[in-house]
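A.B. asks: attaching a predicted model along with its sequence, questions to come.
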Amino acid sequence: MKKIGVRRNKVIVIVGPTASGKSDFAVKIAKFINKQRKTISTNSAEIISADSRQIYRGMDIGTGKITKKEMSGIPHHMLDVSSPTSTFTVSHYQKKGRKIISGLIKKNKIPIVCGGTGFYVDALIDGTVIPDVKPNKKLRDALSKKTTEELFTILFKKDPERAKTIDKKNLVRLIRAIEIVEALGKVPEFKKNPLEADILFLGISLPLYILSKRIEDRLIKRLKVGMINEIKKLHEKGVSWKKMEQFGLEYRYISRFLTKKITTDEMETQLLSEIKKYAKRQMTWFKKNKRIHWIKNKRDIKQYILQFLKK
């Protein structure tokens, strides 16, 4: 078969809600590309995680971090790059992630960005420029004692435009937005510096009843294999309960259970409910992106990817 050169840099992005099977699908796509590399003039594919919590070391079970075995030999990036006791911002992620993409492209490899944190994906691909405002520890400490509802009210009063676009349930995003408002007067409109590459956005969307069952089964499994013990160990290593609250979901509700604020049943019920709500918020975010090609038949997608890489 005639060898076809890649005319422009290519990047594949795989998104979807939690428990949709993104990581497994990304590995399968990378392995498929590796088998086809003679016909698309590329060496291989590597995966870049776009998950705001998987960047932290020791946060494995609670974040659903892919294991070495599950990677099947495919190199993965942006996992375990920071201590959970440190602050790792989306700006840090953007700089490191873009450096990795640039390095892979120079080596004639195909970067596959995979994750469910929409803001991280946008920062990486569209180059959303994050305001360079240094963390205000005193302000953060004061704001972290408030509920997300209280924080949203504060933000809405100070900057209604930013309040329209923010995730009302995301404690970290709300605090950061207020921090920027306090420093600059308002959150400036995000400027963009897109990657100079052809981007193929692929989205995994499951029927709600299937996704809901997956979330339930996964939570039961994670609790059985030691998620509570993982969070105990993180606290023993210096991660405060307040920081656990900021990490949200599994870390928030299990921390509340471990500090005897809620019972086992309350922890499981509230956590399950919040994970399902989070999945809905993820889909709301991704559906705004009209570039995403939502996968209906995974059998057809390999040919679709091949055509994209041969352009």
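C.D. replies: Structure's in. What do you need? The shown structure was predicted, so the numbers you read here are calculated from the model rather than taken from an experiment. Numbering: from 1, shown residues only.

A.B. asks: switch to C-alpha atoms for all contacts and neighbour counts from now on
C.D. replies: Will do.

A.B. asks: in CSV, list the C-alpha atoms belonging to stretch 29-42.
C.D. replies: Written as CSV, here are the backbone C-alpha positions of stretch 29-42 (Å, rounded to 0.1, in the frame of the first residue of the first chain):
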residue,chain,number,x,y,z
ILE,A,29,-7.5,3.5,19.6
ALA,A,30,-3.8,3.9,20.4
LYS,A,31,-3.2,0.2,19.7
PHE,A,32,-5.2,0.4,16.5
ILE,A,33,-3.1,3.4,15.3
ASN,A,34,0.1,1.6,16.2
LYS,A,35,-0.9,-1.3,13.9
GLN,A,36,-1.7,1.1,11.1
ARG,A,37,1.3,3.3,11.4
LYS,A,38,2.9,2.2,8.1
THR,A,39,0.0,3.6,6.1
ILE,A,40,-0.3,6.8,8.0
SER,A,41,3.4,7.8,8.3
THR,A,42,3.5,8.0,12.0
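
A.B. asks: tell me the average confidence for it?
C.D. replies: What stretch 29-42 shows for mean pLDDT is 89.

A.B. asks: so what's the closest residue to K96 other than its chain neighbours up against?
C.D. replies: Leaving aside its sequence neighbours, K96 sits nearest to M78 (CA to CA, 6 or more residues apart in numbering; 8.0 Å). Counting by CA atoms under 8 Å, 6 or more residues apart in numbering, M78 touches 48-50, 54-55, 93, 96-97.

A.B. asks: keeping just the C-alphas, turn stretch 303-311 into CSV.
C.D. replies: What follows is stretch 303-311, C-alpha atoms only, in CSV (Å, rounded to 0.1, in the frame of the first residue of the first chain):
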residue,chain,number,x,y,z
GLN,A,303,-12.2,3.7,9.7
TYR,A,304,-13.2,7.2,10.7
ILE,A,305,-10.0,7.7,12.6
LEU,A,306,-7.9,6.3,9.7
GLN,A,307,-9.5,8.8,7.3
PHE,A,308,-8.7,11.6,9.7
LEU,A,309,-5.1,10.7,10.0
LYS,A,310,-4.6,10.2,6.3
LYS,A,311,-5.9,13.8,5.4
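
A.B. asks: and the pLDDT at L219?
C.D. replies: pLDDT, L219: 98.

A.B. asks: in the helix or strand that contains it, what counts as buried?
C.D. replies: When elements are assigned from DSSP states H and E, L219 belongs to helix 208-224. Residues of helix 208-224 classed as buried by neighbour count (16 or more other CA atoms under 10 Å): 211-212, 214-216, 219, 222-223.

A.B. asks: and that helix, how far out from the chain's middle?
C.D. replies: 19 Å (CA atoms, centre = their mean, to the nearest Å).

A.B. asks: what angle do the following helix or strand past that helix and helix 208-224 make?
C.D. replies: As assigned by DSSP H and E, the chain's next helix or strand after helix 208-224 is helix 227-236. Using axes from the mean of the first three to the mean of the last three CA atoms, to 10 degrees, one finds that helix 227-236 and helix 208-224 are set 60 degrees apart in direction.

A.B. asks: the helix or strand where D265 lies to helix 208-224, inter-axis angle?
C.D. replies: Using DSSP H and E, D265 sits within helix 264-287. Helix 264-287 runs at 130 degrees relative to helix 208-224, counting by the same axes, to 10 degrees.

A.B. asks: packing partners for helix 264-287?
C.D. replies: Here helix 264-287 touches helix 118-125, helix 208-224, helix 249-258, going by 3 or more CA pairs under 8 Å, 6 or more residues apart in numbering; DSSP states H and E.

A.B. asks: buried residues of it, list them for me.
C.D. replies: 267-268, 271-272, 274-276, 278-279, 281-283, 285-286.

A.B. asks: now stretch 68-75
C.D. replies: If you call a residue buried by 16+ other CA under 10 Å, then stretch 68-75 has these buried ones: 71, 74.

A.B. asks: how far out from the middle of the chain is that stretch?
C.D. replies: The mean C-alpha position of stretch 68-75 is separated from the chain mean by 19 Å, CA atoms, centre = their mean.

A.B. asks: excluding its backbone neighbours, what's nearest P84?
C.D. replies: Y56 (5.2 Å).

A.B. asks: which residues pair with the one you found across the strands?
C.D. replies: When bridges are called by DSSP bridges, Y56 pairs up with S82.
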